[in-house]
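> Just the structure for this:
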Amino acid sequence: MCSRGCLTLLTFLSFCNVNLATTIIPPKDINELFQHSEFVVFGEVKAHHDDFGTINKFRVLESFKGAVNKNSTILIKEASTQTASEWLSVSGDVNFAIGEKYLLFLFKDGKGYYRPRLQALSVFQEIEKDGELILARTEKILDLCFMGDIDESLLGSYKSNQFRQQLKSNKIAYKKAGFKSFDYSTNRIQQIAVNKTSSCAIPAHCTTLIGDPFNLNTFCNISAGALSPAKYPSNTHLEIKVANTASDDPSTSLEFTYLEDAIQTLNNIDGISISLASPLVQDCNTTGCSEVATVTNNICNPNDLPVIWVYFDDPCDELADLSPSCNGIVGTGGTFAKIPCITDQCGNQWLEAKSSYIFLNSDAGCLSGYQYTALIIHELLHSYNLDHIGGSCTALMNGSLCNSDFVNNVPDFGIRNLDVECIEWMYNQCRDNEQINNTTFQGGNADQYFTVNEITTTDVIIESNADVRFEAGTFIQLNPEFEIEAGAIFNGLINGCTL
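Numbering: from 1, shown residues only. So this is what the prediction gives:
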């Protein structure tokens with residue numbers, strides 16, 4: 001399988017990499033998480049059930065909810081999956097370790113496996129800290145995307161014995177269970193827009209779902225290739241196709257309208273070219289499927305066409321149903337990538353993105369039309385291999401989708417400059433024109449600008465030891481106060497920019 005999502009390993013040319021990111025509407029507090037989970041158990045991972053460690057034998061030491069007996073062994077399935085040639089990796093999915101103890105809030109999927117209801121948000125790991133046992137969140141919770149605010153009771157740690165005693169009463173007074181809050185703001189830095197000094201500069205706030213932007217050119221075409229970021233070749237036109245056996249969201253009659261609005265909004269961003277296929281609904285049989293990823297890769301798009309497949313109503317029964325109060329996993333999106341790498345206008349090498357997909361949960365129509373459309377756009381941008389942007393209400397790709405956007409109907413469903421900067425860095429290095437004003441190019445940097453038409457400057461200084469290159473298709477206009485210090489390198493070329 002190809003890997004989609006967050007973490008992936010690549011072996012060689014035959015290995016496909018797929019990473020997925022997941023959006024969750026959180027329950028209002030820890031008690032609602034308990035109420036909406038089918039099973040709540042505490043126990044120990046005794047062994048792996050498969051060769052790759054994605055299905056785990058879990059011995060139940062205590063059962064707090066659901067028909068699971070103490071001392072029984074159940075199979076816990078991770079959202080990530082692997083075969084000898086494929087790996088699907090999902091953001092926020094916990095990799096269970098043999099010998100470790102966990103408190104789990106579970107549901108049973110369509111194949112009979114037990115799964116964490118909300119991925120890392122449904123998992124506490126028992127660890128020792130300061131001489132006592134506590135139930136703590138794993139670091140994977142930082143990879144999740146939340147739609148709306150999340151209560152502190154869902155994010156902190158608890159004293160293990162006290163918390164488990166409260167679970168026996170089916171009512172958690174969390175502050176009386178040794179609760180300790182955790183400030184996630186230190187891990188989700190508020191990002192602000194900055195002036196770029198190059199068409200090729202990596203904006204500091206941009207992250208990629210597969211790989212790390214700062215690993216460009218470092219791991220490409222080798223066994224650690226998953227450490228390299230992925231993108232579609234620039235100027236790639238992507239088509240949206242909806243699987244015929246997953247083409248209906250029974251909770252709304254407007255799913256195609258929301259999809260159309262999302263596509264129209266994305267096409268307003270330079271660097272993105274995307275359209276609805278004609279016909280929109282096409283053959284793709286999801287009957288009896290276990291993972292949408294496998295269906296996409298093996299059945300719907302085996303030839304790696306530039307297509308994003310869309311699935312409504314959780315066709316493979318991979319997700320817990322949304323609760324009556326509309327919380328749970330609402331959507332997932334990601335892309336496949338492969339080697340060998342492709343080279344962009346700036347000379348950087350990327351893994352090549354192949355087909356992508358998104359799928360929405362049953363009853364996603366509990367969202368407002370604005371929320372539903374914003375969710376689709378967010379997941380489609382994951383399909384372009386954009387990952388989350390730090391901060392709150394500064395970008396549609398923030399780890400938490402902004403409530404105030406929904407209330408105030410913010411234009412473009414919350415897409416902001418931070419989102420656009422990341423898209424342009426990856427997909428629009430050839431701008432139509434560049435106006436460079438009040439800019440100082442400092443020594444030690446190699447700064448490059450590429451345009452289809454013209455580059456114009458005002459008040460520009462190129463300091464000693466700086467290396468600056470302008471390439472424009474028609475003309476370069478260096479207005480007064482353009483200064484090149486001794487020892488600097490400047491090249492200006494009339495050279496049509498094509499990607």
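
> Identify the single longest helix in the protein, thanks.
Secondary structure of the chain per DSSP state H: the longest helix is helix 369-383.

> Report the mean per-residue pLDDT for that one.
Here helix 369-383 scores 95 as its mean pLDDT.

> For it, enumerate the helices and strands it packs against.
If contacts are counted by 3 or more C-beta pairs under 8 Å, 6 or more residues apart in numbering; DSSP states H and E, helix 369-383 sits against strand 16-25, strand 145-147, helix 255-266, strand 328-343, strand 349-360, strand 400-401, helix 403-408. C-beta here means a position set from N, CA and C on the backbone, and glycine is covered the same way.

> now the shortest one: how far from the chain's centre is it?
So the one you mean is strand 400-401. 12 Å (C-alpha atoms, centre = their mean, to the nearest Å).

> Tell me where the stretch 1-150 of the chain has helices.
30-36 (DSSP state H, counting those that start in this stretch).

> Start and end of stretch 386-401, how far apart?
Using C-alpha to C-alpha, to the nearest Å, the end-to-end distance of stretch 386-401 comes out at 15 Å.

> who touches it?
Applying C-beta atoms under 8 Å, 6 or more residues apart in numbering, the contact partners of stretch 386-401 are 6, 21, 23, 91, 142, 144-150, 188-192, 205-209, 371, 374-375, 377-378, 381, 402, 404-405, 413-416, 418-419, 422-423, 426.

> Tell me the buried residues within the residues you listed.
6, 21, 23, 91, 144-148, 150, 188, 191, 205-209, 371, 374-375, 377-378, 381, 402, 405, 413-416, 418-419, 422-423, 426 (16 or more other C-beta atoms under 10 Å).

> returning to what we had before: so which of the helices and strands packed on helix 369-383 is the most surrounded?
strand 16-25 (a mean of 28; mean count of other C-beta atoms under 10 Å).

> Quick check: mean pLDDT of that strand?
Averaging pLDDT along strand 16-25 gives 79.

> now stretch 217-234
Stretch 217-234 carries an average pLDDT of 73.

> Next: stretch 123-137.
Rounded mean pLDDT across stretch 123-137 is 94.

> Now do the buried residues in that stretch.
In terms of neighbour count (16+ other C-beta under 10 Å), stretch 123-137 has its buried residues at 123-126, 134-137.

> just how off-centre is it within its chain?
With C-alpha atoms, centre = their mean, you get 28 Å for stretch 123-137.

> ranges for the strands of the stretch 351-499 of the chain?
400-401, 430-441, 446-462, 467-472, 475-478, 482-484, 489-494 (DSSP state E, counting those that start in this stretch).

> looking at the ones you listed, which is buried most?
strand 400-401 (a mean of 23).

> List the pairing partners of it within its sheet, with orientation.
Partners of strand 400-401 in the sheet, by DSSP bridges, are strand 145-147 (parallel).

> Can you name the next helix or strand after the partner strand?
Sequence-wise, the next helix or strand downstream of strand 145-147 (DSSP states H and E) is strand 158-159.

> elements contacting that following strand?
By 3+ C-beta pairs under 8 Å, 6+ apart, strand 158-159 packs against strand 132-136.

> Just list what the strand it packs on packs against, helices and strands only.
strand 123-129, strand 158-159, helix 160-167.

> by how many degrees do the first one and helix 160-167 diverge?
Between strand 123-129 and helix 160-167, the angle formed by their directions is 140 degrees, by axes from the mean of the first three to the mean of the last three C-alpha atoms, to 10 degrees.

> From Gly369, how far out is the residue lying closest to Thr54 once chain neighbours are set aside?
Distance criterion C-beta to C-beta, 6 or more residues apart in numbering; nearest residue to Thr54, sequence neighbours excluded, is Glu78 at 4.6 Å. Plainly put, Glu78 is 33 Å away from Gly369 if you go by C-beta to C-beta, to the nearest Å.

> The two - which one has more neighbours?
Shown here are Glu78 and Gly369; by other C-beta atoms under 10 Å, Glu78 has more neighbours (22 against 14).

> For the more buried one, give me the pLDDT.
pLDDT, Glu78: 91.

> So it sits against Val94, correct?
Yes - with contact defined as C-beta atoms under 8 Å, Glu78 reaches Val94; the gap is 6.9 Å.

> returning to that earlier point: using JSON lines, lay out the helices and strands packed on helix 369-383 together with distance to Leu216.
Output for the helices and strands packed on helix 369-383, formatted as JSON lines (distance: least, C-beta to C-beta, whole Å):
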{"stretch": "strand 16-25", "distance to Leu216": "16"}
{"stretch": "strand 145-147", "distance to Leu216": "24"}
{"stretch": "helix 255-266", "distance to Leu216": "24"}
{"stretch": "strand 328-343", "distance to Leu216": "10"}
{"stretch": "strand 349-360", "distance to Leu216": "7"}
{"stretch": "strand 400-401", "distance to Leu216": "28"}
{"stretch": "helix 403-408", "distance to Leu216": "32"}
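
> just so I know, which of those lies nearest Asn491?
Among these, the nearest to Asn491 by C-beta to C-beta is strand 328-343 (19.9 Å).

> Quick check: mean pLDDT of the closest one?
Mean predicted confidence for strand 328-343 is 86.

> angle of it against strand 16-25?
Using the same axes, to 10 degrees: strand 328-343 against strand 16-25 is 150 degrees.

> and the direction of strand 328-343 versus that of helix 369-383, what angle?
30 degrees.

> What is strand 328-343 packed up against?
Packed against strand 328-343, as judged by 3+ C-beta pairs under 8 Å, 6+ apart, are the following elements: strand 16-25, strand 230-231, strand 349-360, helix 369-383.

> Quick one: distance of the longest one to the chain centre.
Taking C-alpha atoms, centre = their mean, one finds the center of helix 369-383 at 12 Å from the center of the full chain.

> can you check the third one too?
Its chain's C-alpha centre lies 11 Å from the corresponding centre of strand 349-360 when counted by C-alpha atoms, centre = their mean.

> repeat for stretch 391-398
13 Å.

> got the CA coordinates for it in CSV?
Extracted in CSV, the C-alpha atoms of stretch 391-398 (Å, rounded to 0.1, in the frame of the first residue of the first chain):
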residue,chain,number,x,y,z
GLY,A,391,-1.6,28.9,15.5
SER,A,392,-5.2,29.6,16.0
CYS,A,393,-7.6,31.3,13.5
THR,A,394,-4.6,32.4,11.4
ALA,A,395,-5.1,29.9,8.6
LEU,A,396,-7.5,27.3,7.3
MET,A,397,-4.7,24.8,7.8
ASN,A,398,-4.4,25.5,11.5
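
> what about that stretch, average pLDDT?
For stretch 391-398, mean pLDDT is 90.
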